[in-house]
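S.K.: show me how the following folds:
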Amino acid sequence: MSRTEPSRLGRRGFLTGAAAVAATVATPATAAATAPAAPAAAAARPNILVILTDDQPKQTEWATPKTVGWLADHGVRFTAGHVATPLCAPSRSSIFSGRQAHNHGVLDNSSPYNLDQHTTVQRYLHQAGYRTGLFGKYLNAWRAADNPPHFDEWLLESPVAYNDGTYNDNGTVRAVPGYSTTVIRDRTLAFLDKAATDRRPWFAFVAPKASHEPNTPEPTYAETAVPAWDGRPSVTEADRSDKPDFIQDATATLADARALRRRQLRTLLSVDDAVQAFHDKLAALGQLENTLVFYLGDNGYTWADHGWLKKSVPYRPAIEVPFYVSWPAGGLGSGTVDHRIVANIDIAPTILDAAGVTPDTPQDGHSLLGTESRDHLLVEWWKHGTAAGGPHTWSSYVSTTEQYTEYYRIHTDAGGKPVGTGEVLFREYYDLEADPHQLTNLLYGATPQDEQRLGIPALASALAADRTA
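M.R.: I've put the predicted structure just below:
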């Protein structure tokens, strides 16, 4: 998967081609309802709002009906939204840079300073005259006293907590009482309010802690009843002998998953309230039409799938996330469904494309405003340190129909750099059409003839090329 330049269509070209794109990627029912906006409607550079939740998997829309009503039902719902690394800091660095983790250098949660700040979307936008703000979680292990580069305003929480947290408030580290989602919401609203007198376009990165552990809900929602959930086949998988060792040793149960799911949904109810408040503020400011909004999770989460109750694994619940985009003035305001494989590495290229900014560093993602469609995605993850247990470092070739994964004898050192022999320790291959819950690893006990029939040599070669691109 080679790195790409921004879409050649650009935002102006997208406006004239929006109907054609919708016809190819939307469902028949929604394609007919999509019409391109008039070019004049997007003449001004759009405002940019990125709302990033923490550890939010798919199948959580019950808790976010206002968000879905605004950004999916009146925007674009990407059904195949992914993260390129299912871990917080690498994922966030991919959002900021549009690059895979092996290119931006933040491979684990211990090395945020490995990110080249010159490559970030906030640097490009700030340099282009945007007013920039960051509210909530930034990068894991970022020191609270350090100001986030290329932001005009910020309320950066570190360490991240649900109640009465410590924040870097525009350069001053102080305690701020209150529930963190509400604190972040109110500070974001104050930033948006300044648009009434400051005519510059703005970029706001809003990152609440929800729905990360310990999944502490706001008191209002502490006892809210959530819909029952009976699991899925991967939760009650009886035989995991075809899985890697750490999955064979996993012990999470359906009861564990139900408890986690309940806590996660309750925390997301407050996020949904915040998103509604942002919508209402933009409407009051007259900026709803020309604001490009993204909503996604920084990674998914398994609900005891294959016995695993975490993230960091190459299984669909961990690497797939809710992914919504809205920009009415740019033709993304009519409730379409897009089935392309998209990922967090596509956010920065899309933002820069919409803002008319050409990056001076390579990006691995591509603008979602164009017609480009990838046939697969590289997803990767690194083990930090040498402690026993947990996932091995892995990389995965993910398409809509199949997934091939290799695990390696590699780990990151104290500086977040990869070390190790690179020996392949284990492999998995799943037919996602016949086996969407990834129950049967077709490489377990496979013969060389089986591997040829499955196309494994070609997949291994493609994965090797992706890892060095």
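S.K.: quick one: Gly420 and Thr393 touch, right?
M.R.: Yes. The criterion here is C-beta atoms under 8 Å, and Gly420 meets it with Thr393 at 7.4 Å. The C-beta positions use only the backbone N, C-alpha and C, and glycine is treated the same way.
S.K.: touching both of the two, which residues are there?
M.R.: Shared contacts of Gly420 and Thr393, defined by C-beta atoms under 8 Å, 6 or more residues apart in numbering, are found at 408-411.
S.K.: that older thread, more neighbours: Gly420 and Thr393, which one.
M.R.: Using other C-beta atoms under 10 Å as the criterion, Gly420 and Thr393 rank with Thr393 on top: 22 against 16.
S.K.: for that one, which non-adjacent residue is spatially closest?
M.R.: Ile410 (4.2 Å; C-beta to C-beta, 6 or more residues apart in numbering).
S.K.: let me see the contact set for that neighbour.
M.R.: 382-383, 392-393, 418-422.
S.K.: looking at these, which are in strands?
M.R.: The members of the contacts of Ile410 that map onto strands under DSSP state E are 393, 418-422.
S.K.: can you give me the domain assignment for this structure?
M.R.: According to automatic domain parsing, the chain comprises the domains 10-373, 381-468.
S.K.: deepest-packed of those, please.
M.R.: Across these, averaging neighbours per residue (mean count of other C-beta atoms under 10 Å) puts domain 10-373 on top, at a mean of 20.
S.K.: now do the same for His102: helix, strand or coil?
M.R.: Assigned with DSSP: H, G, I helix; E, B strand; the rest coil, His102 falls in the helix class.
S.K.: same check, this time on Asp375
M.R.: coil.
S.K.: number of residues surrounding it?
M.R.: The number of residues near Asp375, taken as other C-beta under 10 Å, comes to 10.
S.K.: from Thr401, how far out is it?
M.R.: As judged by C-beta to C-beta, to the nearest Å, Asp375 and Thr401 stand 10 Å apart.
S.K.: which residues are in contact with each of the two?
M.R.: Here Asp375 and Thr401 share no contacting residue, scored by C-beta under 8 Å, 6+ apart.
S.K.: for this protein, what's the longest helix?
M.R.: helix 254-285 (DSSP state H).
S.K.: now the domains of the chain in CSV, with mean pLDDT?
M.R.: Output for the domains of the chain, formatted as CSV (pLDDT from 0 to 100):
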stretch, mean pLDDT
domain 10-373, 92
domain 381-468, 97
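S.K.: give me the residues contacting stretch 424-444.
M.R.: 232-234, 237, 241-245, 305-306, 314-316, 392, 399-409, 450-451, 454, 456, 459.
S.K.: before we move on, what about stretch 223-232?
M.R.: Residues outside stretch 223-232 that contact it (C-beta under 8 Å, 6+ apart): 62-63, 217, 254, 257-258, 261-262, 265-266, 269, 303-305, 437.
S.K.: how about 6 Å then?
M.R.: Stretch 223-232 is contacted by residues 62, 254, 258, 261-262, 265-266, 437 when judged by C-beta atoms under 6 Å, 6 or more residues apart in numbering.
S.K.: please identify which of these is nearest to Ser158.
M.R.: Nearest to Ser158 among the contacts of stretch 223-232, counting by C-beta to C-beta, is Arg266 at 24.0 Å.
S.K.: rewinding a little: got JSON lines for the shared contacts of Gly420 and Thr393, with distance to Ala144 and secondary structure too?
M.R.: Shown next, in JSON lines, are the shared contacts of Gly420 and Thr393 (distance: C-beta to C-beta, whole Å; DSSP: H, G, I helix; E, B strand; the rest coil):
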{"residue": "Tyr408", "distance to Ala144": "34", "secondary structure": "strand"}
{"residue": "Arg409", "distance to Ala144": "35", "secondary structure": "strand"}
{"residue": "Ile410", "distance to Ala144": "31", "secondary structure": "strand"}
{"residue": "His411", "distance to Ala144": "27", "secondary structure": "strand"}
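S.K.: want to try JSON lines for these, with distance to Pro359 as columns?
M.R.: Putting these into JSON lines (distance: C-beta to C-beta, whole Å) gives the following:
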{"residue": "Tyr408", "distance to Pro359": "30"}
{"residue": "Arg409", "distance to Pro359": "35"}
{"residue": "Ile410", "distance to Pro359": "29"}
{"residue": "His411", "distance to Pro359": "31"}
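S.K.: where along the stretch 151-300 of the chain do the helices fall?
M.R.: Here the stretch 151-300 of the chain has its helices, by DSSP state H, counting those that start in this stretch, at 180-193, 245-248, 254-285.
S.K.: including distance to Val325, could the ones you listed go into TSV?
M.R.: As requested, the helices of the stretch 151-300 of the chain are arranged in TSV below (distance: least, C-beta to C-beta, whole Å):
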stretch	distance to Val325
helix 180-193	19
helix 245-248	33
helix 254-285	14
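S.K.: those helices: which one's closest to Thr361?
M.R.: That would be, of those and by C-beta to C-beta, helix 180-193, which comes in at 27.0 Å.
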